[in-house]
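> no sequence on this one, just coordinates:
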């Protein structure tokens, strides 16, 4: 978030943190500007400037975005959607987007990409006429953006579905919005409680968005209780994998929302190491996401990596401490969970990767009783 705030400040937006998690933005003087390649390269979200800057200024040049190295992460869907709304795009090292006039269109997205849908929404609210986004993403954070745009004066139909209609060209005004719960973080905390056999109450968990997540953990024998919008993970559960009918090995697979989230797959894998039975994990979206399992194997986990997309986990196994390195946000969190469930002291290098997705995670887990020490980086 801080990197993205720096980026929008560099194009003229005034930003002010008015509380620990409250940001005020004044975008009156936004203009095209050269963006810092190093800053853009730190986060995947830098690509999200394309839609808003096209809508506001008619042009933007973006250095290549960064983010997790979990496989090929194509940007074609962004380009194809914005082109259909009237943008001219050239790729010569950086990505140049220009448009003298955005016009609504009936768009079928070639994949339900979250960030491409968000870029399309940001551009479509400024486009003349009506835009229909088919096969679009419908994750809770996409819904959040759509509701924020509505609060600003946009007219959007079909929120939460894979077909949204945007009636563009309406003037937008300032608005206030509270961001919803991070369902991936909630899933991570469920896995943490299961691996450490701890009772955990997660308040304001956003249970309306957790159905597929809870179904995945149910297959592992990890049950949660719901009280209002709170989620309780009891301790002392048997954690026995539930076989498919006929006694077959069950499968947990990620798919576009509202199915089991791809970003929760790493957490499910480490949780499965502590559950009785065998389960197949099928990561469909990213061909490098599962490569972190060799670290879990070194800690004592029984995992067979069938191919870049599939792994079979047999549990439970007693994990032992190890020296680890976080390759990306979700694998890093899975390693942290494994370390907390292991005997002995583990060291996780490159821990800043985890903090990109989990704010003050060491402080928050320490408040729950975890023993985590931050080691200063060597110069």
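Perfect, thanks for sending it. Model, not experiment: these values are computed from the prediction.
> Pull the number of nearby residues for residue 199.
As a burial measure, residue 199 scores 11 neighbours (other CB atoms under 10 Å). C-betas here are computed from N, CA, C, even on glycine.
> do residue 149 as well
Every residue meeting other CB under 10 Å relative to residue 149 is counted, giving 22.
> so it makes contact with residue 124?
No: the criterion here is CB atoms under 8 Å, and residue 149 misses it with residue 124 at 9.4 Å.
> For residue 93, give its distance to residue 138.
Plainly put, residue 93 is 34 Å away from residue 138 if you go by CB to CB, to the nearest Å.
> These two: which has the busier surroundings?
Remark: of residue 93 and residue 138, residue 138 carries more neighbours, 20 against 9, as counted by other CB under 10 Å.
> Tell me which residues touch the more buried one, please.
112, 159, 160, 161, 162, 257, 258 (CB atoms under 8 Å, 6 or more residues apart in numbering).
> How many neighbouring residues does the third one have?
By the other CB under 10 Å criterion, the neighbourhood of residue 160 contains 15 residues.
> Residue 279: what's it in contact with?
Counting by CB under 8 Å, 6+ apart, the residues that residue 279 touches are 219, 220, 241, 249, 250, 251, 252, 272, 312, 313.
> for the third one, phi and psi?
Right, residue 241. In terms of degrees, to the nearest 10, the main-chain angles of residue 241 are phi -60, psi 130.
> That one and residue 252 touch, don't they?
No: applying CB under 8 Å, one finds residue 241 not in contact with residue 252, separated by 9.9 Å.
> Contacts only, for the closest residue to residue 254 other than its chain neighbours.
Once flanking residues are discounted, residue 254 sits nearest to residue 262: 4.0 Å by CB to CB, 6 or more residues apart in numbering. The neighbourhood of residue 262, defined by CB under 8 Å, 6+ apart, consists of 254, 283, 284, 285, 286, 289.
> circling back to that earlier point, output the contacts of residue 138 in a markdown table, with distance to residue 344, pLDDT and secondary structure appended to each entry.
Formatted as a markdown table, the contacts of residue 138 follow (distance: CB to CB, whole Å; pLDDT from 0 to 100; DSSP: H, G, I helix; E, B strand; the rest coil):
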| residue | distance to residue 344 | pLDDT | secondary structure |
| --- | --- | --- | --- |
| 112 | 43 | 97 | coil |
| 159 | 48 | 98 | coil |
| 160 | 45 | 97 | coil |
| 161 | 49 | 98 | coil |
| 162 | 47 | 98 | coil |
| 257 | 38 | 96 | coil |
| 258 | 39 | 95 | coil |
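> quick check: mean pLDDT across stretch 66-81?
The average of the pLDDT scores along stretch 66-81 is 77.
> Straight-line length of it, end to end?
21 Å (CA to CA, to the nearest Å).
> the domain parsing of this protein - what is it?
With domains defined by automatic domain parsing, the chain comprises 2-167, 183-367.
> Would you format those domains as a markdown table with distance to residue 173 included?
Formatted as a markdown table, these follow (distance: least, CB to CB, whole Å):
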| stretch | distance to residue 173 |
| --- | --- |
| domain 2-167 | 5 |
| domain 183-367 | 27 |
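> right, and those - which one's nearest residue 176?
Closest approach to residue 176 among the domains of the chain (CB to CB): domain 2-167, 7.4 Å.
> So what would you say the end-to-end distance of the closest one is?
32 Å.
> ok, the closest residue to residue 223 other than its chain neighbours - contacts?
For residue 223, ignoring the flanking residues on the chain, the nearest one in space by CB to CB, 6+ apart is residue 237 at 6.2 Å. By CB under 8 Å, 6+ apart, the contact set of residue 237 is 194, 197, 221, 222, 223.
> I figured the second one was touching residue 234, is that so?
No: between residue 197 and residue 234 there is no contact under CB under 8 Å: 9.8 Å.
> Isn't residue 186 up against residue 204?
No: counting by CB under 8 Å, residue 186 stays clear of residue 204, with 9.6 Å between them.
> What segments of the stretch 201-350 of the chain are strands?
Along the stretch 201-350 of the chain, counting by DSSP state E, counting those that start in this stretch, strands occupy 225-227, 230-233, 251-253, 277-282, 302-307, 310-315, 323-325, 347-349.
> meant to ask about the stretch 51-200 of the chain, not that
Going by DSSP E, counting those that start in this stretch, the stretch 51-200 of the chain shows strands at 59-62, 88-92, 94-98, 106-108, 130-134, 155-157, 163-167, 200-202.
> okay, these in TSV with mean neighbour count next?
Compiled in TSV, the strands of the stretch 51-200 of the chain are given as follows (neighbours: other CB atoms under 10 Å):
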stretch	mean neighbour count
strand 59-62	20
strand 88-92	11
strand 94-98	18
strand 106-108	15
strand 130-134	20
strand 155-157	16
strand 163-167	19
strand 200-202	17
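> any chance of the ones you listed in JSON lines, plus distance to residue 25 and mean pLDDT?
Rendered in JSON lines, the data for the strands of the stretch 51-200 of the chain read as follows (distance: least, CB to CB, whole Å; pLDDT from 0 to 100):
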{"stretch": "strand 59-62", "distance to residue 25": "17", "mean pLDDT": "92"}
{"stretch": "strand 88-92", "distance to residue 25": "26", "mean pLDDT": "92"}
{"stretch": "strand 94-98", "distance to residue 25": "21", "mean pLDDT": "93"}
{"stretch": "strand 106-108", "distance to residue 25": "28", "mean pLDDT": "98"}
{"stretch": "strand 130-134", "distance to residue 25": "24", "mean pLDDT": "99"}
{"stretch": "strand 155-157", "distance to residue 25": "20", "mean pLDDT": "99"}
{"stretch": "strand 163-167", "distance to residue 25": "22", "mean pLDDT": "99"}
{"stretch": "strand 200-202", "distance to residue 25": "29", "mean pLDDT": "98"}
